Every structure is written in C-alpha cells, then in structure tokens.
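Colleague: sequence isn't available, so here's the structure alone:
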C-alpha cells in the first residue's frame with residue numbers, strides 16, 4: 001500500500017511547521033505602551049511639512065516608543081504625513097451672532113508603506129470644544145494655538161496606535177505566505193505521485209484451468 005505522505009513531503013511539512021512556530025513566537029516586541037512589529041523598528045518619516053509641529057510630534061512619538069528614524073529607502077517602511085487641516089462647528093452664539101462655543105476638529109491624513117506589501121492611507125481626527133470671547137481675542141487666539149498643539153500630540157498618539165495594529169497585518173501576511181507554501185508543496189507532491197503512477201506497467205497473470213493442465217499432460221505422455 002502506498003504511504004499517504006512520502007518522506008520528502010513529511011520533511012517539507014515539518015519545515016513549514018517550524019517556520020510557522022517561529023513566526024508566532026517572535027517578531028513583535030513591546031515598544032513604549034504599544035506592541036509594535038519588528039518590521040517597523042526602523043521607519044522613515046516624510047511629511048508635507050517636514051519642520052511643522054505635527055511632524056515634530058510624530059518624531060517625538062518615535063523616540064518615546066523606541067523606533068529608529070532612518071532615511072527613506074525602497075526596503076525601509078515609511079510613514080508619510082500627507083496633510084493637516086482644522087475645521088470648526090458652531091455650538092452656540094452670543095446675542096450679536098458672534099461665536100461663543102464651537103467644536104474645533106484637527107484632521108490628519110497619513111499613509112504607511114511596507115516594502116513588497118503595499119501602501120495604506122488613513123485619516124485620524126481629534127475634536128475639542130473651545131469657548132470664545134471677543135473681549136479677549138488675543139488671549140483666546142493664543143489659547144486656541146495651544147489647544148491645537150495638544151490635539152496634534154493626541155493625533156500623533158493615535159497614529160502610533162494604528163501602527164501597533166499593523167501587528168495583526170504582519171501576522172496575516174506571514175500566515176498567508178506559509179499557507180501558500182504548504183499548498184505548493186502538496187500540489188507538487190500530488191503531481192509527482194500522479195506521474196509515478198502513470199509510468200508504472202501492471203502485469204496480470206491469469207490462473208491456468210486445472211483441467212486444461214491435465215489434458216496437456218496426457219498429450220505429452
């Protein structure tokens with residue numbers, strides 16, 4: 001009887017299993033407060049405003065979580081800050097129709113590029129309520145600028161949380177690769193076994209009738 005698994009197949013399956021265990025047991029380490037993949041332990045940072053406050057906040061988060069910023073390259077993961085904008089939504093007004101209270105929203109668009117895996121674009125938003133006072137316009141302007149900087153810091157933290165979620169993405173990619181390798185191995189083995197079966201020649205010997213054997217023996221005598 002033919003064995004279901006050949007020696008070569010068993011060997012290859014063992015190798016795939018060991019690779020899977022290796023992937024599951026390493027490659028992700030706690031950096032700061034987030035479990036970040038080793039694949040982004042080194043990350044390049046580009047921005048529409050390289051010297052702006054938002055870029056500085058993200059760079060600070062890099063240092064805080066042990067991510068080394070390196071120069072952009074084809075084989076290096078990249079975080080690019082595409083844009084930053086603020087918007088307002090009035091909540092209440094004064095009797096003279098001036099804004100008394102409104103929501104201030106900071107929107108940051110960014111993209112993450114992983115070599116040989118693709119690019120994903122994300123949007124993060126931070127909203128805070130601001131109380132305005134026309135009588136202290138200058139002080140309120142300074143206060144709003146400070147609030148926007150705090151919102152930028154929170155947006156940078158949200159970006160780091162998104163990077164931490166890439167752990168699941170990396171694992172899924174590795175699992176897909178291993179699954180693909182396993183299917184290729186099984187397919188190759190099936191083709192090889194089918195080829196071996198096709199090349200075999202089966203010879204069947206039919207039993208000789210006992211009476212014919214005796215009759216032949218009498219003729220010889």
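Modeller: Everything's here; your move. Computed from a predicted model, the values in this text were never measured in an experiment.

Colleague: lowest-pLDDT helix or strand in the protein?
Modeller: When each helix and strand of the chain is scored by mean pLDDT, DSSP states H and E, strand 28-31 comes last, with a mean of 40.

Colleague: elements contacting the lengthiest helix in the chain?
Modeller: Identified as the longest helix of the chain according to DSSP state H is helix 137-199. For helix 137-199, the packing partners by 3 or more Cβ pairs under 8 Å, 6 or more residues apart in numbering; DSSP states H and E come out as helix 7-25, strand 34-37, helix 53-64, strand 78-93, strand 99-114, strand 118-131. From N, CA and C alone the C-beta is placed, and that goes for glycine too.

Colleague: reformat the ones you listed as JSON lines; add distance to residue 160.
Modeller: What follows is the helices and strands packed on helix 137-199, written out as JSON lines (distance: least, Cβ to Cβ, whole Å):
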{"stretch": "helix 7-25", "distance to residue 160": "23"}
{"stretch": "strand 34-37", "distance to residue 160": "6"}
{"stretch": "helix 53-64", "distance to residue 160": "5"}
{"stretch": "strand 78-93", "distance to residue 160": "10"}
{"stretch": "strand 99-114", "distance to residue 160": "11"}
{"stretch": "strand 118-131", "distance to residue 160": "10"}
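
Colleague: let's have those in TSV, adding mean pLDDT.
Modeller: Compiled in TSV, the helices and strands packed on helix 137-199 are given as follows (pLDDT from 0 to 100):
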stretch	mean pLDDT
helix 7-25	55
strand 34-37	54
helix 53-64	95
strand 78-93	93
strand 99-114	92
strand 118-131	92
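
Colleague: so which of the ones you listed is nearest residue 161?
Modeller: Relative to residue 161, the nearest member of the helices and strands packed on helix 137-199 by Cβ to Cβ is strand 34-37, separated by 6.6 Å.

Colleague: following the closest one, which helix or strand comes up?
Modeller: Following strand 34-37 in sequence order, the next helix or strand is strand 42-47 (DSSP states H and E).

Colleague: now do that following strand, average pLDDT.
Modeller: Strand 42-47 shows an average pLDDT of 94 in the prediction.

Colleague: what angle sits between that strand and strand 78-93?
Modeller: 50 degrees (axes from the mean of the first three to the mean of the last three Cα atoms, to 10 degrees).

Colleague: burial of the closest residue to residue 90 other than its chain neighbours, as a residue count?
Modeller: Excluding its sequence neighbours, the residue lying closest to residue 90 (Cβ to Cβ, 6 or more residues apart in numbering) is residue 102, at 4.8 Å. Neighbourhood size, residue 102 [other Cβ atoms under 10 Å]: 17.

Colleague: who's in contact with residue 102?
Modeller: Listed by Cβ atoms under 8 Å, 6 or more residues apart in numbering, the contact set of residue 102 reads 88-91, 129-130, 132.

Colleague: can you pick out the most distant pair from those residues?
Modeller: Farthest-apart pair in the contacts of residue 102 is 89 and 132; separation 12.8 Å (Cβ to Cβ).

Colleague: more neighbours: these two, which one.
Modeller: More crowded of residue 89 and residue 132, by other Cβ under 10 Å: residue 132, with 20 against 10.

Colleague: for residue 113, see how far away the residue nearest to the more buried one when sequence neighbours are not counted is.
Modeller: Of all residues beyond its chain neighbours, the one nearest residue 132 is residue 99 (5.1 Å), with distances taken as Cβ to Cβ, 6+ apart. Relative to residue 113, residue 99 is positioned 40 Å away (Cβ to Cβ, to the nearest Å).
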